[in-house]
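1. got a predicted structure plus its sequence, pasted below:
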Amino acid sequence: MRLIQRIQSIALGLMISAVSASAALAAEPTLTWLGHAAFKYSTGSGQILLIDPWISNPKAPKNVSFPHVDGILVTHGHSDHVGEAFDLAKKYNAPLIASYELTEIAKKHGVKNVFPLNPSGTVEVAGVRVTAVQAVHSSGYAEGDSILYAGAPLGFVLQEFGSMTLYHSGDTGVFEDMALIARLYQPQIALLPIGGTYTMKPKEAALATNMLGVKGIVPMHYGTFPALTGSPAELEKELTAAHATAKLHVMVPGTAVKVKDLQ
Ligand code: NI
Ligand code: MN
């Protein structure tokens, strides 16, 4: 009996420390660049969202691992964005958010938990409102010798209550309706590709920054392959030339940054 009471009090103690640990975790949301277009977003309550998780990309930190994954966002079907998304979704039973057609492809690969979205659609995952927006790009999923139709390419707006609103554009050229994204969702931070060839170069990204009205810009999708020649130094010049007021934040793969410090 005494032993049982002791076990009960230990269990209670553990529960109390678990509660205070989760209270301590109610901290600032953070963003970690995993190289290329891959990011880890940790919410204020410690939930983890992955965006375009090609975690084996040449610029990714070594031995990337996650204690848990609570949602996976994939902007389009190209392999440098789908990356390991299907395996991660299965391993962590994390919901996969992508275009309808791409979630259908994911289901054929054994992913069970999916949220299909198309532009203007919103889903709440891990306490974050995720809204799909337009991207000007292509989206096919290569399987064997064929390329499967993977729906429209997307960008995502992430809104966590009490935090900064983030816009991950996916692969895109610049387009005038970025002003509509600003009008509807007022993102404060934009994660934009600058490599060129398949996406915006620094010149277009600077104009995009102004149309979005963001306070901070994080360049991505550069330097991974030789074709992606745009650089943060070139972006800095273009931002100056475009009289942009947004601050440039060049992230280091693997280093978590408080989202509020990216504005
Ligand atoms: Ni692409
Ligand atoms: Mn790409």
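-> Nice, thanks for sending it over. Ligands and ions are numbered 1, 2, ... in the order given.
2. can I assume residue 90 sits in a helix?
-> Yes: with DSSP: H, G, I helix; E, B strand; the rest coil as the criterion, residue 90 is located in a helix.
3. so who does it touch?
-> By Cβ atoms under 8 Å, 6 or more residues apart in numbering, the contact list for residue 90 reads 110-112. Yep, even glycine has a C-beta here, placed from its N, CA and C like the rest.
4. just the buried ones from those?
-> residue 111 (16 or more other Cβ atoms under 10 Å).
5. ok, the contacts of residue 90 vs residue 55, which is closest?
-> For the contacts of residue 90, the residue nearest residue 55 by Cβ to Cβ is residue 111; the value is 16.5 Å.
6. before we move on, back to that, can you lay out the contacts of residue 90 as CSV showing secondary structure?
-> Formatted as CSV, those follow (three-state DSSP):
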residue, secondary structure
110, coil
111, coil
112, coil
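7. which one of the contacts of residue 90 is nearest ligand 1?
-> Distance ranking of the contacts of residue 90 against ligand 1, using Cβ to the ion, places residue 111 first at 20.0 Å.
8. which of the contacts of residue 90 come close to ligand 1?
-> The overlap between the contacts of residue 90 and the neighbours of ligand 1 (Cβ under 5 Å from the ion) is empty.
9. helices or strands next to whatever helix or strand residue 157 lives in in the packing?
-> With the criterion set as DSSP states H and E, the secondary-structure element containing residue 157 is strand 154-160. For strand 154-160, the elements it packs on are strand 128-134, strand 166-168, helix 178-185, judged by 3 or more Cβ pairs under 8 Å, 6 or more residues apart in numbering; DSSP states H and E.
10. mind putting the contacts of residue 90 into CSV with distance to residue 217 and pLDDT?
-> Written out in CSV, the entries for those read as follows (distance: Cβ to Cβ, whole Å; pLDDT from 0 to 100):
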residue, distance to residue 217, pLDDT
110, 37, 98
111, 32, 98
112, 36, 97
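11. where does pLDDT dip in this structure?
-> Within the chain, the stretches with pLDDT under 70 are 1-26.
12. so in terms of bridging, what pairs with the most centrally placed residue in it?
-> For the chain, the residue sitting closest to the mean C-alpha position, by Cα atoms, centre = their mean, is residue 51 at 3.1 Å. Applying DSSP bridges to residue 51 gives these bridge partners: residue 39, residue 73.
13. can I assume it is in contact with residue 39?
-> Yes: the pair residue 51 and residue 39 passes the contact test of Cβ atoms under 8 Å, sitting 4.6 Å apart.
14. can you list residues touching both of the two?
-> A shared contact of residue 51 and residue 39, defined by Cβ under 8 Å, 6+ apart, is any residue touching both; here these are residue 168.
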